[in-house]
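Please find the sequence and the predicted model below.
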Amino acid sequence: MGEPLAIIYRDQYLVAINKPSGLLVHRSMIDRHETRFALQLLRDQLGQHVYPIHRLDKPTSGVLIFALSADIARQLSRYFHDKVVSKTYWAVVRGYTPEAGTIDHPLKEKLDKISDKKSRLDKPAQEAVSHYQRLATIELPYCVDRYPQSRYSLVQVQPETGRKHQIRRHLKHLGHPIIGDAKHGKGIHNRFFQQQFNCHRLLLACTEMCLPHPVSQQPLRLQAGLDASMTSLLQRFNWPQPAQ
């Protein structure tokens, strides 16, 4: 058995973990070879049933919430549906982004060949809004693409909606894809970070979620630190770290 999942909050109603990059939330036909899932690992770790509330992409790390009863699961699901939950992500992207802005760009439903094969192909694009702020920049003396130097930004993103791969697709639309994104990014920059900085993951992490507690209604602020790979990179670039 591997390392236990890092629990960042737990009471009798819900539990939140810091999901590592590369771990699926639950079993999926897309990754049929996978044998480890956050849902089963957490269930075995706690010795009780847990209920998944929301999705976090396999390569994305950070705050992931589970309910400990069906009633609480329904309540938390309503929070996500009604946009009561505020989510904050940190990402490392290619280029210098604007200082701040809002990406209001509808997204067509992303279909997976296996798990989403029954989804309608004629659905119109869905509303998708993300707000972002640039936290730091760096120019490196390496010719990675067309220019003698290469520029990168650290950005904080607050998605207002929760579409599939929304942040990854929105930052690509902005012209600043996330480093390590094999699907929406640029391979030459991904390989540069692998070879130069030993960074082999998608550089996207959910660092904070804020929501009312489903029973007490008191504000609940859930924060997750970055893993060693992202922390090392930010330290190397002399960039800030998320608060914990």
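The structure has been received and is ready for your questions.

where does the most far-flung residue of the chain relative to its centre fall, helix, sheet strand or coil?
Most distant residue from the mean C-alpha position of the chain: Pro148, 31.2 Å away (Cα atoms, centre = their mean). Under DSSP: H, G, I helix; E, B strand; the rest coil, the three-state class of Pro148 is coil.

The closest residue to it other than its chain neighbours and Gln48, how far apart?
Distances taken as Cβ to Cβ, 6 or more residues apart in numbering place Pro141 nearest to Pro148, at 7.9 Å, with adjacent residues excluded. C-betas here are computed from N, CA, C, even on glycine. According to Cβ to Cβ, to the nearest Å, Pro141 stands 53 Å off from Gln48.

do Val144 as well
Val144 sits 48 Å away from Gln48, going by Cβ to Cβ.

Tell me which of these two has more neighbours.
Val144 (19 against 11; other Cβ atoms under 10 Å).

didn't that one look like it was pressed against Tyr152?
No - Val144 is beyond contact range of Tyr152, at 9.7 Å (criterion: Cβ atoms under 8 Å).

Thr231 touches Gln241, doesn't it?
Yes - contact criterion Cβ under 8 Å: Thr231 and Gln241 qualify, at 6.7 Å.

shared neighbours of the two, anything?
Residues within reach of Thr231 and of Gln241 at once, by Cβ atoms under 8 Å, 6 or more residues apart in numbering, are Gly225.

beta partners of Ala91?
Val155, Leu204 (DSSP bridges).

need the strands for this protein, in chain order.
Counting by DSSP state E, the chain has strands at residues 6-10, 14-19, 51-52, 61-67, 86-94, 100-104, 129-140, 150-159, 204-212, 219-223.

ok, the fourth one: who's next to it in the sheet?
Taking DSSP bridges as the criterion, strand 61-67 sits next to strand 14-19 (antiparallel), strand 51-52 (antiparallel), strand 204-212 (parallel) in its sheet.

how about the ones you listed, which one is nearest Thr97?
strand 204-212 (14.2 Å; Cβ to Cβ).

mind checking how far that closest one is from the chain centre?
A distance of 9 Å separates the centroid of the chain from that of strand 204-212, by Cα atoms, centre = their mean, to the nearest Å.

same check, this time on stretch 138-158
Worked out by Cα atoms, centre = their mean, stretch 138-158 lies 21 Å from the chain centre.

can you list the residues that contact that stretch?
By Cβ under 8 Å, 6+ apart, the list of residues contacting stretch 138-158 from outside reads 86-97, 130-137, 167, 170-171, 176, 179, 186, 188-189, 192, 196, 234, 237, 239-240.
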